[in-house]
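>>> Sequence and predicted structure below; questions after.
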Amino acid sequence: MSREEFNKIVDNFTKILYKSYSLKRSIDNRGLEIHSKVLFLLGFILLIIGFSLFYWGVLMNSRLSKWISLCMAVLSLISSLYPIASYYKGRINHFPTLDEIVGENTDKYTRELNNGMMPRGLFWNVVPGYFWAELHIDRLILK
């Protein structure tokens, strides 16, 4: 194995680590999607209008406006809680660790790499959780 080939493989492992860390950061920092923000804002507006209508219904002693304001408050509650619930459900269901992301990516790369290297007596091994790669040399095949 030449020095250039070795350096290229080590650089590829390093790129995998950088990309995995970047993916982990983006997963950690993801927020509400735009449609969830719109639903939340719509719920807030409905709540303000509903309370205003309820206040007007109390002043005018109108049962209809009180019922309409109650319906608007319920719609506001539903439209505000749905994005929040879906956000937390999405974060709980899929929240991988950096070890999992790196392990998945390096295992895939190592399998591809070892398919071409094993006939030459070389074998790459990535130690899970420690982010280092080992090159094993089978001296029997090299002789």
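Sure thing, it's come through.
>>> drop to CA atoms for contacts and neighbour counts, all remaining ones
Fine.
>>> Tell me how far K15 lies from G43.
For K15, the distance to G43 equals 44 Å [C-alpha to C-alpha, to the nearest Å].
>>> which of these two has more neighbours?
Using other C-alpha atoms under 10 Å, the more surrounded residue of K15 and G43 is G43, with 22 against 12.
>>> what helix or strand does that one sit in?
helix 34-60 (DSSP states H and E).
>>> Show me what counts as buried in that helix.
36, 39-40, 42-44, 46-51, 53-54, 57 (16 or more other C-alpha atoms under 10 Å).
>>> Go through the protein and flag its longest helix.
helix 63-93 (DSSP state H).
>>> ok, and what's touching the helix or strand that comes right after that helix?
Next helix or strand after helix 63-93 toward the C-terminus (DSSP H and E): helix 98-117. Helix 98-117 has contacts (C-alpha atoms under 8 Å, 6 or more residues apart in numbering) with 13, 16-17, 20-21, 24, 122-126, 128-129, 131.
>>> Count the residues that sit near F13.
A count of nearby residues for F13, using other C-alpha under 10 Å, gives 21.
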